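Chemist: give me coordinates for this.
(one chain, ligands or ions: 1)
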Amino acid sequence: MTLIFPLEAVTAEIAGSDARFPVRRIFCVGRNYAEHAREMGGAPEREPPFFFTKPADAIVGGLADIAMPARTANLHHEIELVVALGTGGCDLSEDAAIEAIFGYAVGNDLTRRDLQAEAKAAARPWDMAKGFDQSAVLSPIRRVADIGHPFTARIWLSVNGTARQDGDISDMIWPVPAIIAELSTYVELKAGDLIYTGTPAGVGQVVAGDLVEGGIDGVGSIANRFI
Ligand code: MN
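Modeler: As a prediction, this is how the structure comes out:
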């Protein structure tokens with residue numbers, strides 16, 4: 001087969017390995033922590049979490065300088081646990097879902113909050129609010145073989161050293177196995193898929209010059225300067 005132009009594979013760093021993780025798709029969970037759902041005007045008791053997507057090439061490294069995106073006056077940070085799948089399938093049980101996990105990373109689901117608010121008000125899609133270039137910050141992936149499954153761990157984010165988000169991944173409304181099982185009823189999951197699992201409360205604005213640091217105990221950390 002001849003390609004009419006070269007297309008570079010999107011890949012992510014694997015901690016402690018020279019091999020790279022090929023990124024197939026990026027799925028994200030919305031409103032998966034009750035306090036964050038409330039701060040966004042939702043009612044987590046009545047509305048379950050839901051899915052949206054970003055393009056694979058929205059990935060940007062956890063230590064990269066990130067250019068302020070166009071078309072927003074209110075860029076927001078969302079620190080998240082990211083699941084990297086090593087296998088997939090349809091209609092997975094929660095046990096099968098756990099077996100499909102290759103590893104975990106720390107992500108920042110960057111969001112044009114002003115465009116998202118406009119989209120919500122007009123009942124339009126979120127794509128341009130969520131799926132823009134460099135909107136999916138990703139730390140190196142830690143393998144399950146090395147760290148196991150972090151179902152309880154502190155998750156935090158600071159801007160210029162000031163705490164903004166501080167929670168625990170055990171506060172997810174849908175825990176990781178439930179997310180994967182649920183998502184696998186909508187699409188056939190495959191190796192290379194990433195899932196951003198939602199953010200705890202405390203989301204807020206990032207402006208040019210900010211240093212955004214964050215992490216999940218036992219998983220990793222990010223530190224991005226916005227320029
Ligand atoms: Mn998010």
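Chemist: what comes into contact with stretch 184-193?
Modeler: Contacts of stretch 184-193 with the rest of the structure, by CB atoms under 8 Å, 6 or more residues apart in numbering, involve 21-27, 51, 84-92, 97, 100, 102, 180, 183. In short, each C-beta sits where N, CA and C put it, glycine included.
Chemist: show only the entries of these found in helices.
Modeler: When helices are assigned by DSSP state H, the members of those inside them are A97, I180, L183.
Chemist: next up, the contacts around the last one.
Modeler: It refers to L183. Residues in contact with L183, defined by CB under 8 Å, 6+ apart, are F27, F51, L189, I195.
Chemist: apart from its chain neighbours, what residue comes closest to the spatially most central residue of the chain?
Modeler: For the chain, the residue lying nearest the average C-alpha position, counting by CA atoms, centre = their mean, turns out to be Y196 (2.9 Å). Across the structure, with CB to CB, 6 or more residues apart in numbering as the measure, the residue nearest Y196 apart from its sequence neighbours is C28 (4.2 Å).
Chemist: follow-up on the earlier one: which among the contacts of L183 end up buried?
Modeler: Applying 16 or more other CB atoms under 10 Å to the contacts of L183, the neighbour count classes F27, L189, I195 as buried.
Chemist: check which helix or strand T152 maps to.
Modeler: Counting by DSSP states H and E, no helix or strand carries T152.
Chemist: so for it, what's the nearest residue that isn't a sequence neighbour?
Modeler: Computed as CB to CB, 6+ apart, the closest residue to T152 that is not its neighbour in sequence is S170, at 4.2 Å.
Chemist: coming back round to it: any chance of the contacts of L183 in a markdown table, plus distance to the ion and pLDDT?
Modeler: Below are the contacts of L183 laid out as a markdown table (distance: CB to the ion, whole Å; pLDDT from 0 to 100):
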| residue | distance to the ion | pLDDT |
| --- | --- | --- |
| F27 | 11 | 98 |
| F51 | 11 | 98 |
| L189 | 19 | 98 |
| I195 | 11 | 98 |
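Chemist: and the furthest pair within those?
Modeler: Longest distance between any two of the contacts of L183 is 11.7 Å, between F51 and L189; criterion CB to CB.
Chemist: is the ion contacted by the lengthiest strand in the chain?
Modeler: Across the chain, the longest stretch assigned as strand under DSSP state E is strand 101-109. Yes: contact check for strand 101-109 against the ion, using CB under 5 Å from the ion: residues in range are D109.
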